[in-house]
Every structure is written in structure tokens, then in C-alpha cells.
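Chemist: What shape does this take:
(one chain, ligands or ions: 2)
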Amino acid sequence: MGLGSKLVDAFSSDIGIDLGTCNTLIYVRGKGIVISEPSVVAVERGTKKVVAVGQEAKRMLGKSPGDIIAIRPLRDGVIADLETTEKMIRYFISKVLPRRWFVKPRMVIGVPSCITEVERRAVEESAYKAGAREVKVIEESLAAAIGARIPIFEPAGHMVCDIGGGTTEISVISLGGMVVTKAIRLGGDEFDEAIIKHVRAVHNLIVGDQTAENLKITIGNASPDKKIEKMEIKGTDAITGLPRRLEIDSVEVREALQEPINAVVDEIKRTLGETPPELAADIVERGIVMTGGGSLLKGLPKLIAKETGVPVILAENPLLCVANGAGMYFEHTRDMAKNKKTIYNSLNV
Ligand SMILES: Nc1ncnc2c1ncn2[C@@H]1O[C@H](COP(=O)(O)OP(=O)(O)OP(=O)(O)O)[C@@H](O)[C@H]1O
Ligand SMILES: [Mg+2]
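Modeler: Residues are numbered from 1 along each chain as shown. Ligands and ions are numbered 1, 2, ... in the order given. Below you'll find the predicted structure:
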């Protein structure tokens, strides 16, 4: 590295972005997480002009008047609306970049591994347009692993399971690379849908996404618990069309969540089954590290440990791992390159 590029590095910022289906987070080196907002954009129906982004737009979801629509451009782990996704990325980045940068920043963006090549390039392009000097798009489980402080460059198997809103990604990482990766389009959103379906089928009550999410976060539990909690919800009666209240308990919520939770557990088992034996032995020793908002569902780590027989560790700040890891990516890989050199030097090669 020449003196010029060293200088550039010293004055520029590294920015890490978690482009999630539910939340977008931005990490700036030296500052930490500076943005954490819902991945929602409100636009005018005809013109597609952006009216609000993030928290403000989320408040309009399901409540917007006819001429304004609130969109989640990344539903189900895929980019459902590329144009709006680009606008959202540029808006968030412009919020963290001061008007005049001495040197343009480098950006690392964590994206669901199931996005297509075209989508990946579009994300990259938006970051350049927003003012990046260098852009790297990486799988969110790799970012999650770095953010969860897993020593990914070790010659040992580590498993990370990131349960987001739209996707669940399970990866086995060794020597800085992904040995096995599985991604399913199922996450916290599906948990909410399962609750909506259940409440409608059993109680004839129609409830919105936010009510279902609230119920899941407040009294949801993946493992049976002695303490039964109750919560009151409101919705529309499916028969009379009138608003109505309903009290629901945690046992019922757990039953409603059974199907999507089982799908996640099965996928973890399948991934373990495809892991080379030496690495599987490491995982049994070190445990499965869980990240992503979905892993905050009460009792879920416990259930996964029970079902797989492998210890499960919930990462510190599961919602921040991808953004932190993306933000640390450049430093991490640079340190790694240095370490390699030291090893080679000591071997005299
Ligand atoms: N305490 C909690 N209990 C249960 N679920 C939670 C909790 N907190 C957040 N969640 C859920 O986590 C999900 C969002 O997680 P996260 O922000 O990691 O997703 P994302 O990164 O936006 O999505 P993806 O990784 O699929 O692109 C939502 O479904 C939300 O309801
Ligand atoms: Mg995520």
C-alpha cells in the first residue's frame, strides 16, 4: 500500500450497512450504529415520489390514505421493488454523510444471500451513486458472524444462524469462508403471519401486522413455560365487520408459531447434517451462535438446543450484528492479511 492510499484510509470512514427486509442499520467507523430504521418507504401512488422513509413511513403502513402508499421494498428476503430500494439506500446514506467529505467512504453492505446477481449489482450501484469510493457486498451471515465476534479466520468450524424478518440464514464458517450455507425465505414476518392466520381461523378476528408482531414480542414463547401470560388485542370481526377486543394467552401464541418455528429447526438440523464431520465436532464444542431479531423470540435458543443437542449462544445485541460486522469487515480482513504475513515471515517463506 502506497503512502497516498494509506493517507486516504486514515481520513476516510468505513461504513457498514445491514440492508435488512425489516430494518436498515448503518455503522460508521469510530461512531458505531448511527441509523437504525425500518426498511419502509412511503411514496405517492402515481408519481412514486418519496414522501417519507424509515420510522415515519412505517407509521403509515396499513394506515395511509389512498394517494400515499407505504412500501416495504425488500419483502421476504428479496428485493421486491428495486427502484424504491435504491431510493431508500441513497436516502439513508445521505443522512449519515456530511455534505462535504474530505475523502469518500468505503462501504460494506450485508444482503440476504438469496438475492440475485442483478439485485446485488443494483445495490452496489446505489451505494456508488450515494457517494461510496469502494463498495463490497457480502452475505449477511458472514457479516453477522464478524459482528458476533466469531473468530471466522480460525481453522475451526463455527455455525451462525441469523433469523431476520424475511430470511433465515444458517452458515458454517471456517478459515474466513462459508463451508455450508442455507437460506430460507422465512423469518420473523412469517411468525407474525402465522399469528394472524391463527387468530382469524380460531377467533374470527382480523388483526394487522403490527398487532401480530406486538403479540409475538410481548408474550410469544417457543418453549413451553410454566408462567402463562395474557394480552389484549384489537381487530376487526371477520363476520360482523365491527371492531372487537380479544384476550389471548402465550400457550395459544406458541401453538400458532409452531409451524414456522419447526421449519427453522428443521433447516438447522439439515445444515448440521451437511457439515463435514471435523467441523461438526467443532460446532458441538463451540455451539451455534444466533443473531437477527427473530432469535430474540423467547425460548427459541433453548428449543433449538434441545432439538439439536448442540449448545446455542444468543449473540450480544442480535439486531446489530450484521451492521457491526459489515462495518468491521475491512479492518478485519486487513488484520487477517497482516496476520498471514507474520505467519509466512516466521516460516521464512
Ligand atoms: N424481542 C423480539 N422477539 C421476537 N421477535 C423479535 C424481537 N425483536 C425483533 N423481532 C423480530 O425480528 C425481525 C427483524 O429482525 P432483523 O432486524 O434482524 O431483520 P432484518 O435484518 O431486517 O431481515 P432479514 O435479515 O431477513 O433481511 C422482525 O420480524 C421482528 O418482529
Ligand atoms: Mg438481517
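
Chemist: Can you classify Ala70 as helix, strand or coil?
Modeler: strand (DSSP: H, G, I helix; E, B strand; the rest coil).

Chemist: could we number from 17 for the rest of this?
Modeler: Noted, 17 is the first residue going forward, which turns the last one into Ala86.

Chemist: Which positions in the chain make contact with ligand 2?
Modeler: Counting by C-beta under 5 Å from the ion, the positions of the chain adjacent to ligand 2 are Gly36, Gly180. All C-beta spots, glycine's among them, are computed from the backbone N, C-alpha and C.

Chemist: one more time with 6 Å, if that's ok
Modeler: For the chain, the residues in contact with ligand 2 (C-beta under 6 Å from the ion) are Asp34, Gly36, Glu156, Asp178, Gly180, Gly308, Val338.

Chemist: Which of those fall within helices?
Modeler: Residues of the residues of the chain next to ligand 2 located in helices (DSSP state H): Glu156, Val338.

Chemist: out of the residues of the chain next to ligand 2, which touch ligand 1?
Modeler: Asp34, Gly36, Glu156, Gly180, Gly308 (C-beta under 6 Å from any ligand atom).

Chemist: Let me know the helix or strand that the nearest residue to the third one once chain neighbours are set aside is in.
Modeler: Once flanking residues are discounted, Glu156 sits nearest to Gly126: 4.1 Å by C-beta to C-beta, 6 or more residues apart in numbering. Using DSSP states H and E, the element containing Gly126 is strand 122-127.

Chemist: Can you mark which positions in the helix or strand that that strand is followed by are buried?
Modeler: Heading C-terminal from strand 122-127, the first helix or strand you meet, by DSSP H and E, is helix 133-145. Buried residues in helix 133-145, counted by 16 or more other C-beta atoms under 10 Å: Glu135, Ala138, Val139, Glu140, Ser142, Ala143.

Chemist: Bridged to the residue nearest to Glu156, which residues?
Modeler: Taking DSSP bridges, one obtains Asp34, Ile154 as the residues bridged to Gly126.

Chemist: got the contact list for it?
Modeler: Neighbour list for Gly126: 32-35, 154-156, 158-160, 338-339, 341-342 [criterion: C-beta atoms under 8 Å, 6 or more residues apart in numbering].

Chemist: Would you mind giving me the confidence score for it?
Modeler: pLDDT, Gly126: 93.

Chemist: Val305 looks like it's in a helix, true?
Modeler: No. Assigned with three-state DSSP, Val305 falls outside any helix and is strand.

Chemist: Is it in contact with Gly173, as I believe?
Modeler: No. Using C-beta atoms under 8 Å, Val305 and Gly173 do not qualify as a contacting pair, with a distance of 11.7 Å.

Chemist: Which positions within the helix or strand where Glu99 lies qualify as buried?
Modeler: Taking DSSP H and E as the criterion, Glu99 maps to helix 98-112. Within helix 98-112, the residues that count as buried by 16+ other C-beta under 10 Å are Thr100, Thr101, Glu102, Lys103, Met104, Ile105, Arg106, Tyr107, Phe108, Ile109, Val112.

Chemist: Leu319 contacts Asn237, correct?
Modeler: No. With contact defined as C-beta under 8 Å, Leu319 does not reach Asn237; the gap is 9.4 Å.

Chemist: Now do the helices in the chain.
Modeler: Going by DSSP H, the chain shows helices at 19-27, 71-74, 98-112, 133-145, 156-163, 204-219, 225-235, 266-289, 293-302, 316-324, 337-363.

Chemist: Before I go, just wanted to say thanks for your time.
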